[in-house]
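Enquirer: mind looking at a prediction? Sequence and model below.
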Amino acid sequence: MPVRRPKNLFFVLTLFSSLILLQPSWSKAFENDECLLCHGDASQWDLKDPAQAGLLVLSASHSGNVHEGLSCTDCHEGIEDLPHADPLPKVNCGSCHEDALAAYKKSVHGIEQGDELKGEAATCVSCHGTHDIYPTTDQRSKVHHHNLATTCIQCHQDQALIEKHKMGKQDNVQTYVVSVHGQSNLDDVSSRAATCNDCHGWHDIQKASSPESKVSRQMVAKTCGQCHEDVLEEYYGSVHGNLAKEGNPDVPVCTDCHGEHKISSVQDRESTVSKFHIAETCGKCHENQEIVKKYNIPISSPSTLYRQSVHGKALLSGSNPNAAACQDCHGYHSILGGSDPKSTVNRVHISATCGHCHQDIQKQFDESVHGQAINKGVREAPVCTDCHGEHMILGHLDPESPVYSTRLAKEVCARCHDSVVINRKYDLPGQVVDTFLRSYHGLAGRLGDTNVANCASCHGVHDILPSDDPKSSIYPENLIHTCGKCHANVTPAFVAGMIHVSPKSTEKVVTSYVRSIYIFLIIVSIGGMMLHNLLILGRHIRDKYRSQKVIPHVTRFNGVALVQHLLLTLFFTVLVITGFSLSFPDSLFSQSITSYLGLGESHRSLVHRISGVGLILTTIWHVAAMLFTKRGRAEISALMLRFQDLRDLFRNVGYHIGLCSEKPKFDRYDYSEKIEYWAYLWGSIVMIITGLMMWFPAAVAVYLGITRNWVEVAAVIHYYEAWLATLAILIWHFFFVIFHPEEYPMDVSWLSGKLSVKAMEERHPLELERLAKDGLIHGDLSLHKPRKTEEKREQD
């Protein structure tokens, strides 16, 4: 094989010569001592001038640093002779530290980030120094673990710089110094607690908003996990961590809970994750209604509810610093949804979770019939939160607590023991809640008696056992002791028999027969009394009605008015009955309609609407008759309210309490009749409008352009207007036509249209005078005795 060395040697020599010619900045080799003749002499520099002070190099600062083996010209190039040219080319650290320079150029500090940072961005010298560059492990180094915060603060506390380049908060580094990490490094030289570079990186520092940044939301968990490996593992297994791995932008990451630079120990009372502040921290997401709605979170205000709870109040008031907070129940980093079998708040584990504080109660519950059912997988069995609540747990002495004495049966126990599905599925006795609520204990409790026995008084609180368990408080042999807690001198006979009577028991059959017998007796006896009295009352009304055909009288209402009044009476009565039966479906009145008459909701609503239409038509007929007939217009004039009515009101009241000697003289209508008439007309209009809105809600929305909320407002108006009208009839109208001493047993003018001259003389003397002049008094006037004659006879 031929030898080609001469050509290769020529190539090498040529290349080396070219490099020398193309690199004019190469420096001649000078000894460091030669450079220090000037740069080591303090007398040659104005040390008050920062630019000149930086040119002074003390040999001590160069001694022991990482560049100790290098000469000045290894870094400062372009020196051909001494004294050298001024200025010299900038020192290029990248000639040795290529990787570091490449990373720096891509960082937020790097020149490639934009011209606006040139001259202000941190450079190699800003962080590492000039001639006093020491290994990062040397405590003299500016980037030593314990010195790094001080180095970073040179720029990150400059407010002008921070505002100009939007660098975040001014106190970021200062808050780090007082954080659990910063304090650890200050207190212990050997501490390896996280410092700036551990989180942000070395040369490749990126903006926190950049996905590539070690402190971005996407990366911060892994960054923290460099030290907290076990915590990272727990977090990634949690409901939050799983969402974070999927890239969810709303899920909380480390800094959302712990903070960014001022991270404090969980034991620090002021820490965002301390027991005293954790509810507020969790509430930033869990009470953010946009997040709650977006992710369909079932509980919208858990933190607010917790602060109102017995735990929240005890903790925040300082009365019990060990009271449970969020993390005590849900965990710290391994938080899972309640439906997750591994969750600490899963139904299977909830008693153990509560048992961290309530050990004795947990033991009692686990041995109870409910605890045993949970362990067997009975998902309907109650656990702690079913009875006490979840976040807003209140003390059992708090009237708002579901386990308060007067609430327990109806609000807690009834949810399961009054459930047809649960009772049938697990063969539990039915009607136990109903029979209790109708017993003396139940009735007294519903009246607010907190001392009377409730469910827990007999069955126990957490240690509830079946009645056939010898340890149960309701075991037959234990009933004397159980009942004896309230009742003195309890005997076996006192506790014998069933308490919650079963439908299949003998006691139930006997009770049923006794109840039926008494209902029959009530119907027969009271019904007979009512029939007897109605016959007597009917005779008196009939006699009064017939007498008006003979005695002197006036025709007060024509046939049209009587028919309208009868129709209004009919429709109003039906509307009241069918309307209130819907409002009070559990009342005896409503149950009688549905059970005994066999009328369901479809029948009720149909009858109610037919009556409503009848009321509308009758009202239209009445208004038309009043407006378009001569008699009607005269009636309107007579019904108009005048100032005289107000004077009559005060004078009438004054007469009846003894302040006036004479009653006022009324015309065709007195103030009470006028008020009642206009109240009827106004009430009818309101009831008709609101009733139609409720009947046709969709049409209301389409044609009137109003929302469903206004239909609900109409329903409220309809309900309370019905009460107002009903009570007005019972209290006002019935008094004047039935219970008034001058009218009893009834004013029959609504049936006959006629009113006796005597009644007219008492109630409407001014109208009577006009009718007498016009000769409109009918009947045998000899049978009439004027009021003045009777008064004179009484005086004699």
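Expert: The structure has been received and is ready for your questions.
Enquirer: please count neighbours and contacts with C-alpha atoms only from this point.
Expert: Noted.
Enquirer: could I get the full set of strands for the stretch 651-796 of the chain?
Expert: 754-756 (DSSP state E, counting those that start in this stretch).
Enquirer: below-threshold pLDDT in it: ranges please.
Expert: The model of the stretch 651-796 of the chain has pLDDT under 70 over residues 778-796.
Enquirer: what does the stretch 1-150 of the chain give?
Expert: Ranges of the stretch 1-150 of the chain meeting pLDDT under 70: 1-29, 59-63, 111-119.
Enquirer: tell me which stretches of it form helices.
Expert: Along the stretch 1-150 of the chain, the segments classed as helices by DSSP state H, counting those that start in this stretch run 5-22, 32-39, 50-53, 59-62, 72-75, 98-105, 124-128, 148-156.
Enquirer: are we agreed that Ile263 is in a strand?
Expert: No - Ile263 is assigned coil when assessed by DSSP: H, G, I helix; E, B strand; the rest coil, not a strand.
Enquirer: show me what contacts the residue lying closest to it once chain neighbours are set aside?
Expert: In this structure, Ile263 finds its nearest non-sequential neighbour in Ser179, 5.0 Å apart by Cα to Cα, 6 or more residues apart in numbering. Listed by Cα atoms under 8 Å, 6 or more residues apart in numbering, the contact partners of Ser179 are His261, Lys262, Ile263, Ser264.
Enquirer: for Thr195, state which of those is nearest.
Expert: In terms of Cα to Cα, no member of those lies closer to Thr195 than His261, at 9.6 Å.
Enquirer: the closest one reaches Gly182, doesn't it?
Expert: No - counting by Cα atoms under 8 Å, His261 stays clear of Gly182, with 9.1 Å between them.
Enquirer: list residues touching both of those two?
Expert: By Cα under 8 Å, 6+ apart, the residues touching both His261 and Gly182 are Tyr176.
Enquirer: middle-most residue in the chain, spatially?
Expert: Centroid check for the chain by Cα atoms, centre = their mean gives Ser301 as the closest residue, at 5.3 Å.
Enquirer: show me where this structure has strands.
Expert: 553-555, 754-756 (DSSP state E).
Enquirer: and the last one, how far out from the chain's middle?
Expert: Pointing back at strand 754-756 there. Distance, stretch centre to chain centre, for strand 754-756: 63 Å (Cα atoms, centre = their mean, to the nearest Å).
Enquirer: ok, now the first one?
Expert: With Cα atoms, centre = their mean as the basis, the distance from the averaged C-alpha position of strand 553-555 to the chain average is 66 Å.
Enquirer: kindly report the same for stretch 756-766.
Expert: With Cα atoms, centre = their mean, you get 63 Å for stretch 756-766.
Enquirer: for that stretch, output the C-alpha coordinates as CSV.
Expert: Only the C-alpha atoms of stretch 756-766 are listed here, as CSV (Å, rounded to 0.1, in the frame of the first residue of the first chain):
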residue,chain,number,x,y,z
SER,A,756,-137.5,44.1,56.1
VAL,A,757,-138.3,47.7,56.8
LYS,A,758,-137.2,47.1,60.3
ALA,A,759,-133.8,45.9,59.1
MET,A,760,-133.6,48.8,56.7
GLU,A,761,-134.4,51.2,59.5
GLU,A,762,-131.5,49.7,61.5
ARG,A,763,-128.9,49.4,58.8
HIS,A,764,-129.8,51.7,55.9
PRO,A,765,-132.1,54.4,57.2
LEU,A,766,-131.1,57.0,54.5
